[in-house]
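> Have a look at this prediction, sequence included:
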Amino acid sequence: MAGGWAMLPILVCSLVALAIVLERCWTLRRKAVLPPGLGEEVRQWARAGQLDPKHLEALSNGSPLGELLAAALAVRSQSRDIIKERIEDTGRHIVHEMERYLSTLGTIALIGPLLGLFGTVIGLIRMFMQVMAGGIGDPAKMAGGIGEALICTASGLTVAIPAYVLHRWFRSRVAGYCVQMEKQATALLDELTLSPPVTARPRRTAATVAPNAG
């Protein structure tokens, strides 16, 4: 508490930032967002026609990638434009979920140094007011008061720098996940809309062979 009461909001910000970092590290694990082999498995389901509601529900609840692919499969009988629009709408929702709390982490990275500077200014004002009331007194004591005031600035930077670095790292991680999910969704979209239809070859009957017999 050497930095004064201004240390309290800095400590609260540090606890909130730590909770967000731990929660996002767990939620944004690669296996949890992009399960290995899921895209190919879903495309095999589409080829085999294994697209009953239970499959789609389990797929949607399993991971963000599964939710995106399930959204495309839910309207698989529609045109390519409608399927693509559903993928885009679901993708925006998924990105919003993956970026949850990141704005709060960015805010902490921004206000951390400001809170430290505010505490330092308040401490210096209090110290100079004491000087005005009782004189300079002991210079060593005055220097100690300046050092205590600067504790707030150091604490604010200690919170803000890791918060800013981790905020940027999480954002880049989410952007990378979005690219991978877009590739898987595009592959499924091509599987659903560009697969050539299977048509039976016309059978030659006696009526069609007869004119050539002569």
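The structure has been received and is ready for your questions. Residues are numbered from 1 along each chain as shown.

> Could you report the pLDDT at residue 135?
Note for residue 135: predicted pLDDT of 61.

> mind listing what's buried in stretch 184-191?
Under the neighbour-count criterion of 16 or more other Cβ atoms under 10 Å, stretch 184-191 has 184-185, 188-189, 191 buried. Any C-beta I mention is one placed from the backbone N, CA and C, and that applies to glycine too.

> same deal with stretch 88-107?
Neighbour-count burial for stretch 88-107, with 16+ other Cβ under 10 Å as criterion, is recorded at 90-91, 94, 98, 101-102, 104-106.

> And the contacts of stretch 105-123?
Contacts to stretch 105-123, defined as Cβ atoms under 8 Å, 6 or more residues apart in numbering, come from residues 3-4, 6-7, 9-10, 13, 16-17, 20-21, 24, 145, 148-157, 159-161, 163-164, 166-167, 170.

> Among those, name the ones in helices.
For those, the ones inside helices are 7, 9-10, 13, 16-17, 20-21, 24, 145, 148-157, 159-161, 163-164, 166-167, 170, with DSSP state H as the criterion.

> my read: residue 178 touches residue 91, true?
Yes. Counting by Cβ atoms under 8 Å, residue 178 does reach residue 91; the two are 7.4 Å apart.

> okay, and for this protein, where does confidence drop off?
Scanning the chain for pLDDT under 70 picks out the ranges 1-4, 130-145, 147-148, 195-214.

> any idea how far residue 19 is from residue 163?
As judged by Cβ to Cβ, to the nearest Å, residue 19 and residue 163 stand 12 Å apart.

> Which one of these two is surrounded by more residues?
residue 163 (26 against 13; other Cβ atoms under 10 Å).

> ok, the more buried one - contacts?
Residue 163 touches 13, 17, 105-106, 108-109, 112, counting by Cβ under 8 Å, 6+ apart.

> Identify the farthest-apart pair in the residues you listed.
Greatest spacing in those, by Cβ to Cβ: 13 and 106 (12.0 Å).

> Residue 180 against residue 34, yeah?
Yes. Between residue 180 and residue 34 there is a contact at 5.6 Å, judged by Cβ under 8 Å.

> between the two, who's got more neighbours?
residue 34 (19 against 14).

> which phi and psi does that one have?
Dihedral pair for residue 34: phi -120, psi 80, per degrees, to the nearest 10.

> That one against residue 181, yeah?
Yes. Using Cβ under 8 Å, residue 34 makes contact with residue 181 at a distance of 7.0 Å.

> Please identify every residue contacting each of these two.
Contacts common to residue 34 and residue 181, judged by Cβ under 8 Å, 6+ apart, are 64-65.

> Redo the buried residues of stretch 184-191 as a markdown table? Include distance to residue 62 and secondary structure.
As requested, the buried residues of stretch 184-191 are exported to a markdown table (distance: Cβ to Cβ, whole Å; DSSP: H, G, I helix; E, B strand; the rest coil):
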| residue | distance to residue 62 | secondary structure |
| --- | --- | --- |
| 184 | 14 | helix |
| 185 | 15 | helix |
| 188 | 15 | helix |
| 189 | 20 | helix |
| 191 | 19 | helix |
